[in-house]
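> Model the structure of this input:
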Amino acid sequence: MKYWLSPYLLAIIITWLFAHIIKYVIAIIRGKQLSFSKQVFVSGGMPSAHVSTAVALTIVILLSKGGFNSGLFALSVLFTLIVAHDSLRVRRSSGEQGAALIQVMKETKSSAKIPIVAKGHTPQEVIVGVLFGALMGIIVFLATR
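Here you go, the predicted model:
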């Protein structure tokens, strides 16, 4: 069966969408009152949509483009590692620094505008993102064969 989108783009779109739906459901279960549109653009949360999407793409490439010896697969693994590192280390660190800055601004009654803080991901959110992305990559690959 021919699809109008490549399995690579399908893996990206479907994984990103389902990861955000899962985040929204988890937020509702935890009692947060967020609109779906706000939840889609919020940083952090379970699972990491960035990591899930990168892993799903990597899995589809692995299964359809020559396996572990493919240069495209190696490039995708590198991209996925950079995304995971950024989610776990860089964005998480800057989010924690932003939260500390806001606390200091409130305690000192600063007149400066409070910045928006983008949270990163916990190790658990990244691990679940990897697992979810792998599952979605396999599903998309099998569905588009």
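
> Check which element follows the one helix or strand residue 106 maps to along the chain.
Counting by DSSP states H and E, the element that carries residue 106 is helix 91-107. Counting by DSSP H and E, the next helix or strand C-terminal to helix 91-107 is helix 123-143.

> Where does the prediction get shaky in the chain?
1-3, 33-43 (pLDDT under 70).

> switch to 90 and redo it
1-5, 20-48, 65-68, 70, 85-125, 144-145 (pLDDT under 90).

> For residue 5, give me the backbone phi and psi.
phi -120, psi 150 (degrees, to the nearest 10).

> Tell me how many other residues crowd the closest residue in space to it that isn't next to it in sequence.
In space, and not counting its chain neighbours, residue 5 is closest to residue 13: 7.4 Å by C-beta to C-beta, 6 or more residues apart in numbering. Yep, even glycine has a C-beta here, placed from its N, CA and C like the rest. Residue 13: 14 surrounding residues under other C-beta atoms under 10 Å.

> separation between residue 13 and residue 91?
Using C-beta to C-beta, to the nearest Å, residue 13 is found at 22 Å from residue 91.

> Kindly report the same for residue 19.
16 Å.

> Those two: which is more packed in?
residue 19 (26 against 19).
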